[in-house]
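S.K.: Output the structure for:
(chains A and B)
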Amino acid sequence: MNDLKKTPLFHEHERIGAQMAPFGGWIMPIQYCGILAEHRWCRESVALFDTSHMGELLFRGDAVGSGLESLLSFRISTIAVGRCRYGFLLNDAGGVVDDLTVYRMADDEAMIVVNAGPADKDFSVIRGAVAGRGFLENATGRTGKLDLQGPLSREVLAALFGREVGEIPFFGFRRLNAAGAEVLVSRTGYTGELGYEIYLEADRLPTLWQQLLEDDRVRPAGLGARDLLRLELGYSLYGSDLDESTTPLEAGLERFVDFSREFVGREALLAQRDRGLSRIRAAFRVSSRRTPRHGYRIFRRGEPVGEVTSGAFSPMLGCGIGLGYVKPSAAARGTLLAIRHESVVMEAVVMELPFYRGGSLRN
Amino acid sequence: METYFTRDHEWISVEGTTGTVGITEYAVGQLGDITFIELPSVGKAVRRCEIFCAVESVKAASDIYAPLSGKVTEVNRTLESEPEIVNRSPEGHGWIARLAVEDLSEVDKLMGRTEYDEYVRGLE
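M.R.: Numbers count the residues shown, from 1 in each chain, chains lettered A, B, ... in the order given. Below you'll find the predicted structure:
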């Protein structure tokens, strides 16, 4: 446990009784009062997450000329300053090295927000590729990050940062000031609710955390609730649903790949598309309250067709839900599946995403 | 009525030859929010220490072992739709099943309240 990294809020989490566990090389809060209560609070009011474990890589230079853009599955040059875009860093085989979001800070400046686990790997891959042509800094250690998510999050944030918060478009961001600190606020998230991600200097983080929690509408939520919230939307979790042996085509995420230009992994993806996929991500709901879990096997008409990569009991649907990779013949909506683990068998049916459609995301 | 405990954190309250079974406050604390309970079938005969039902929580799936041998006479059907009752009241409304206890002398293999509380303190 000693080599795990701690966020600037570590002592704060301990003080308010969070259950802590390792995640992506960090010691993180899994829950405070209870995963289901925190999940409900996010769907109904506002949840506050410490997401400082995520990586921030700051790039300066020409995104095209430096070679950065050709490392990613999407164009940076067409992102307007003040907007962000989601996509992938791929390997030569088209496998997902990481899924990430690029913030276009200025014409010659971008912030790349990556997952905690692969952050160091991402940094060395990107730095190696742009060396001598662009500058890359790993700012993870000096950057704090909070996610404020829930239907009332706009009002909560506006109370601290002013009405400008209401002008931030979906997948847009602004630099705002409060109590002498400059923060970057984007209207993005991982919950399916209206919400914001807030970046600031790490040493300012405890103060902002306290200020936000002083609002009665806000409660802290841990990674347990965060996982449940994202799964109800069908968002992928890197390391569970995505990894270097999985391509965006298999993961059903082709819409985040722009094939109209060269990029690392493009040839492999085109070849895979021509060849046809041997497995594809399926989303399914279980006919009971049972939870399918990572590694459980998936059968169709008695034949093994794949494996579960993520699963949970969905409070919004009142049943088990999951994601997994299956043979394409078992991936069509309405397909009946059996999920097996030891003596347990669950009936499931393939659904279209998202599982939960009632969120305030676009409000 | 006397309540006994297992090292796996089940409890059984014995009154005459009827034993009411559930899981302890400590077990519930470890499991977190309970989302599903697989109740045993009424009439099922169970041996002490054998798996007789299962609970699933937001964190894990766990088997529950029979604290004593006997036959299941009643199950708490309310838990099928509201398993969260076990979180709220693990040793009260969150009881799981009742057994017709076969051999009362088996309670000698279980812990009493004081002994169990000490056992749990040793785990923390």
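
S.K.: my guess is A:Leu89 meets A:Thr101, correct?
M.R.: No: counting by C-beta atoms under 8 Å, A:Leu89 does not reach A:Thr101; the two are 11.3 Å apart. From N, CA and C alone the C-beta is placed, and that goes for glycine too.

S.K.: So between those two, which is more surrounded?
M.R.: Taking other C-beta atoms under 10 Å in any protein chain shown, A:Leu89 and A:Thr101 do not tie; A:Leu89 has more neighbours (23 against 17).

S.K.: How about the backbone phi and psi for that one?
M.R.: phi -100, psi 120 (degrees, to the nearest 10).

S.K.: Let me know the helix or strand that the residue nearest to it when sequence neighbours are not counted is in.
M.R.: Excluding the flanking residues, the one nearest A:Leu89 by C-beta to C-beta, 6 or more residues apart in numbering or on different chains is A:Val97, at 4.4 Å. Per DSSP states H and E: A:Val97 is located in strand A:96-106.

S.K.: Tell me which stretches of chain A form helices.
M.R.: Taking DSSP state H as the criterion, chain A contains helices spanning A:10-15, A:35-44, A:119-130, A:153-161, A:205-213, A:223-233, A:266-275.

S.K.: so how far is the last one off the chain centroid?
M.R.: Taking the mean C-alpha point of helix A:266-275 and that of its whole chain, the gap between them comes to 26 Å (C-alpha atoms, centre = their mean, to the nearest Å).

S.K.: residues in contact with that helix?
M.R.: The contact list for helix A:266-275, computed with C-beta atoms under 8 Å, 6 or more residues apart in numbering or on different chains, reads A:90, A:92-94, A:247-250, A:257, A:259.

S.K.: If we use 6 Å, what do you get?
M.R.: Residues from elsewhere that reach helix A:266-275, judged by C-beta atoms under 6 Å, 6 or more residues apart in numbering or on different chains: A:93-94, A:249.

S.K.: In terms of distance to A:Arg301, which of the residues you listed ranks first?
M.R.: Comparing those against A:Arg301 with C-beta to C-beta places A:Leu249 closest, at 25.6 Å.

S.K.: Check what pLDDT that closest one gets.
M.R.: pLDDT recorded at A:Leu249 is 98.

S.K.: Same question for the one 10 residues further on.
M.R.: Per-residue confidence (pLDDT) for A:Phe259: 98.

S.K.: Please apply the same query to A:Asn363.
M.R.: pLDDT recorded at A:Asn363 is 87.

S.K.: and the nearest residue to it once chain neighbours are set aside, backbone torsions?
M.R.: In space, and not counting its chain neighbours, A:Asn363 is closest to A:Leu194: 4.9 Å by C-beta to C-beta, 6+ apart. With angles defined as degrees, to the nearest 10, A:Leu194 sits at phi -50, psi 130.

S.K.: Do I have it right that A:Leu194 meets A:Ser360?
M.R.: Yes: in terms of C-beta atoms under 6 Å, A:Leu194 counts as a neighbour of A:Ser360; the distance is 4.2 Å.

S.K.: Pull the number of nearby residues for the closest residue to A:Gly276 other than its chain neighbours.
M.R.: In space, and not counting its chain neighbours, A:Gly276 is closest to A:Pro328: 7.6 Å by C-beta to C-beta, 6+ apart. For A:Pro328, the neighbour count with other C-beta under 10 Å is 14.

S.K.: and if you look at A:Glu262?
M.R.: Each residue near A:Glu262 was counted by other C-beta under 10 Å, and the total is 9.

S.K.: In terms of neighbours, single out the busier of A:Leu194 and A:Ser360.
M.R.: Just comparing A:Leu194 and A:Ser360: by other C-beta under 10 Å the higher neighbour count belongs to A:Leu194, 22 against 18.

S.K.: Kindly state the domain boundaries assigned to chain A.
M.R.: Chain A breaks down by automatic domain parsing into domains covering A:5-54+A:142-233, A:55-138, A:278-351.

S.K.: want to try CSV for these, with mean pLDDT as columns?
M.R.: Shown next, in CSV, are the domains of chain A (pLDDT from 0 to 100):
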stretch, mean pLDDT
domain A:5-54+A:142-233, 96
domain A:55-138, 97
domain A:278-351, 97
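
S.K.: Distance to B:Gln30 added to those, as a markdown table?
M.R.: As requested, the domains of chain A are exported to a markdown table (distance: least, C-beta to C-beta, whole Å):
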| stretch | distance to B:Gln30 |
| --- | --- |
| domain A:5-54+A:142-233 | 10 |
| domain A:55-138 | 26 |
| domain A:278-351 | 16 |
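
S.K.: Any stretches of chain B with poor pLDDT?
M.R.: Within chain B, not a single segment meets pLDDT under 70.

S.K.: near chain A, which residues of it show up?
M.R.: Selection of chain B residues close to chain A by C-beta under 6 Å from any C-beta of the partner chain yields B:33, B:35-36, B:56, B:58.

S.K.: Which of these fall within strands?
M.R.: B:35-36, B:56 (DSSP state E).

S.K.: contacting residues around the longest helix seen in chain B?
M.R.: When every helix of chain B is counted residue by residue (DSSP H), the longest turns out to be helix B:113-123. If you take C-beta under 6 Å, 6+ apart as the criterion, helix B:113-123 is touched by B:5, B:26.

S.K.: can you give me how far it is from the chain middle?
M.R.: Offset of helix B:113-123 from its chain centre (C-alpha atoms, centre = their mean): 16 Å.

S.K.: and the most centrally placed residue in chain B, backbone torsions?
M.R.: The centroid of chain B falls nearest to B:Gly22 when counting by C-alpha atoms, centre = their mean (2.6 Å). Per-residue torsions, B:Gly22: phi -160, psi -170 (degrees, to the nearest 10).

S.K.: contacting residues around the spatially closest residue to it that is not a sequence neighbour?
M.R.: Of all residues not flanking B:Gly22 in the chain, B:Trp95 sits nearest, at 4.5 Å (C-beta to C-beta, 6+ apart). Neighbouring residues of B:Trp95 by C-beta under 6 Å, 6+ apart: B:20, B:22, B:76.

S.K.: Who does A:Leu57 form a beta bridge with?
M.R.: A:Leu57 has these beta-bridge partners by DSSP bridges: A:Ile112, A:Asn138.

S.K.: got the residues of chain A near chain B?
M.R.: Residues of chain A found near chain B (C-beta under 6 Å from any C-beta) are A:34-36, A:289-291, A:313.

S.K.: run the last query once more with 10 Å
M.R.: Counting by C-beta under 10 Å from any C-beta of the partner chain, the positions of chain A adjacent to chain B are A:19, A:21, A:30-31, A:34-39, A:224-225, A:227-228, A:286, A:288-291, A:293, A:312-315, A:318-320, A:341-344.
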